[in-house]
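> Next one to model:
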Amino acid sequence: MTETVLVTGATGFIGLALVKRLSAAGQRVRCLVRAGSDVSRLPPGAELVRGDLLDSGSFEAALKGVSLVWHLGALVRPKGFLVSRKKLTEQFNSLNAGATGELARAAARAGVKRFIYFSSISALGPGENLGDDSGPRPITLYGKSKLAGEAALKEAARGGLDYVILRPAMIYGPGSAAWAPLFDSIRRGKALGPGEAGNTFSVCYLENLLDAALLAAGKAGSGAALNISEGSLTLRELFLTLGRLAGRRPVIIGLPVNLLKAVSGALDGLLGLAGLSMPGFIAADRARVEEACANWSHASEGLRALGWRPAVTTEKGLAASLGGRP
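Numbering: from 1, shown residues only. Predicted structure coming up:
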């Protein structure tokens with residue numbers, strides 16, 4: 001009899017692709033989805049259980065008979081123009097850390113065989129050639145809350161739950177809303193970047209990510225924390241590659257790094273005096289600007305030791321993403 005797997009965050013960019021991949025492989029997939037979520041793009045065979053990660057009472061039905069949990073549900077970019085800074089921090093911690101621990105404990109009680117937690121490279125933080133075992137130094141609320149989620153999972157797993165932590169880099173692919181503004185800008189022949197756009201970013205194509213995640217789910221040892229990055233390139237290289245693929249040579253507009261940091265620090269500080277944040281405006285978040293100006297280079301030695309090699313090159317992945325092809 002085919003075992004059932006549970007996916008949280010199933011309607012998101014990565015979660016949807018994972019559900020489709022698992023369903024295509026013949027697995028029975030159950031999705032924990034909130035009331036009102038758009039489930040129209042989920043495969044017809046996917047089982048839906050209505051619930052919420054902030055409502056642990058919905059976990060029992062979602063986990064019944066489940067052998068493996070894919071936990072992708074998270075708060076990444078909260079909505080709202082001006083919000084309470086304290087409330088924003090609580091939202092990140094409640095969903096990304098607290099709910100992860102609660103779900104892991106419920107999974108252990110339900111007899112789940114393995115728990116796969118999608119953390120983030122932001123939990124490790126920026127740096128150059130950082131490996132799986134590098135000391136984490138997250139700087140944003142999101143990164144800190146994802147690292148707290150890892151800690152919550154480890155604590156919950158002390159009772160014997162088998163788990164693996166995945167830390168994806170910047171994930172791109174067809175249909176990524178996060179990358180759409182950059183693609184549109186490149187098509188218009190312009191690109192904005194900090195300084196000379198020489199800072200590096202760790203990236204991974206969506207299908208390469210899924211290959212890595214499925215391999216880790218089957219072969220990684222319990223307690224492993226694995227970076228997922230196909231490699232790094234500078235922002236300028238990214239701009240020029242996308243421009244060539246789009247038939248354009250974009251004008252790269254460099255924004256002074258010191259000015260960016262000074263402005264963001266001032267705005268962040270002024271908002272902080274009022275206890276407020278502007279989650280939709282990166283320039284008012286000192287930590288997010290710091291991330292955007294930093295170098296990101298992360299090794300994936302653990303996955304490569306398991307045999308993972310990116311099947312799609314970065315250039316081919318960017319071409320598919322820019323053209324909207326799956």
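
> which regions of the stretch 151-300 of the chain sit below the pLDDT cut-off?
For the stretch 151-300 of the chain, no stretch is flagged by pLDDT under 70.

> same check, this time on the stretch 1-150 of the chain
Using pLDDT under 70, the flagged stretches of the stretch 1-150 of the chain are 1.

> now do 90
Applying pLDDT under 90 to the stretch 1-150 of the chain picks out residues 1-3, 77, 79-80.

> quick one, helices of it?
Taking DSSP state H, counting those that start in this stretch as the criterion, the stretch 1-150 of the chain carries its helices at 13-24, 59-63, 85-93, 99-109, 121-124, 141-156.

> Would you mind writing the CA trace of the first one as CSV?
What follows is helix 13-24, C-alpha atoms only, in CSV (Å, rounded to 0.1, in the frame of the first residue of the first chain):
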residue,chain,number,x,y,z
PHE,A,13,6.1,28.5,-5.3
ILE,A,14,8.2,25.6,-4.0
GLY,A,15,5.5,23.7,-2.3
LEU,A,16,3.3,23.5,-5.4
ALA,A,17,6.2,22.2,-7.5
LEU,A,18,7.0,19.6,-4.8
VAL,A,19,3.4,18.4,-4.7
LYS,A,20,3.3,18.0,-8.4
ARG,A,21,6.6,16.1,-8.4
LEU,A,22,5.5,13.8,-5.6
SER,A,23,2.1,13.2,-7.2
ALA,A,24,3.7,12.4,-10.6
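
> Can you mark which positions in the helix or strand containing residue 181 are buried?
Per DSSP states H and E: residue 181 is located in helix 180-187. Neighbour counts over helix 180-187 (16 or more other Cβ atoms under 10 Å) mark 182-183, 185-186 as buried. Every residue, glycine included, has its C-beta placed from N, CA and C.

> ok, now stretch 80-98?
83, 85, 88, 91-93, 95-98.

> quick one: which of those residues is nearest residue 299?
Taking Cβ to Cβ as the measure, residue 299 lies nearest residue 96 of the buried residues of stretch 80-98, at 24.4 Å.

> I figured the closest one was touching residue 71, is that so?
No: using Cβ atoms under 8 Å, residue 96 makes no contact with residue 71, being 10.4 Å away.

> which helices and strands sit right next to the helix holding residue 181?
Judged by 3 or more Cβ pairs under 8 Å, 6 or more residues apart in numbering; DSSP states H and E, helix 180-187 is in contact with strand 190-194, helix 235-246, helix 314-323.

> let's go with 6 Å and repeat that
helix 235-246 (3 or more Cβ pairs under 6 Å, 6 or more residues apart in numbering; DSSP states H and E).

> Can you spell out which helices and strands pack onto the helix it packs on?
On a contact count with 3+ Cβ pairs under 6 Å, 6+ apart, helix 235-246 meets helix 180-187, helix 314-323.

> Not counting the longest one itself, show me its contacts.
The reference is to helix 314-323. With contact meaning Cβ atoms under 6 Å, 6 or more residues apart in numbering, helix 314-323 is reached by 172-174, 183, 205, 241, 245-246.

> before we move on, what about the first one?
Residues outside helix 180-187 that contact it (Cβ under 6 Å, 6+ apart) are 191, 242-243, 246, 250, 322.

> In contact with residue 297, which residues?
If a contact means Cβ under 6 Å, 6+ apart, then residue 297 has 128-129, 200, 232 as its contacts.

> and with 10 Å instead?
Each residue near residue 297 by Cβ atoms under 10 Å, 6 or more residues apart in numbering is listed here: 126-130, 169, 199-202, 229, 231-233.

> That one sits in which helix or strand?
Using DSSP H and E, residue 297 sits within strand 296-298.

> quick revisit: which one of the contacts of helix 180-187 sits closest to residue 11?
For those, the closest approach to residue 11 (Cβ to Cβ) belongs to residue 322, at 23.7 Å.

> measure that closest one to residue 23 for me?
Per Cβ to Cβ, to the nearest Å, residue 322 is found 27 Å from residue 23.

> Understood, closing this out.
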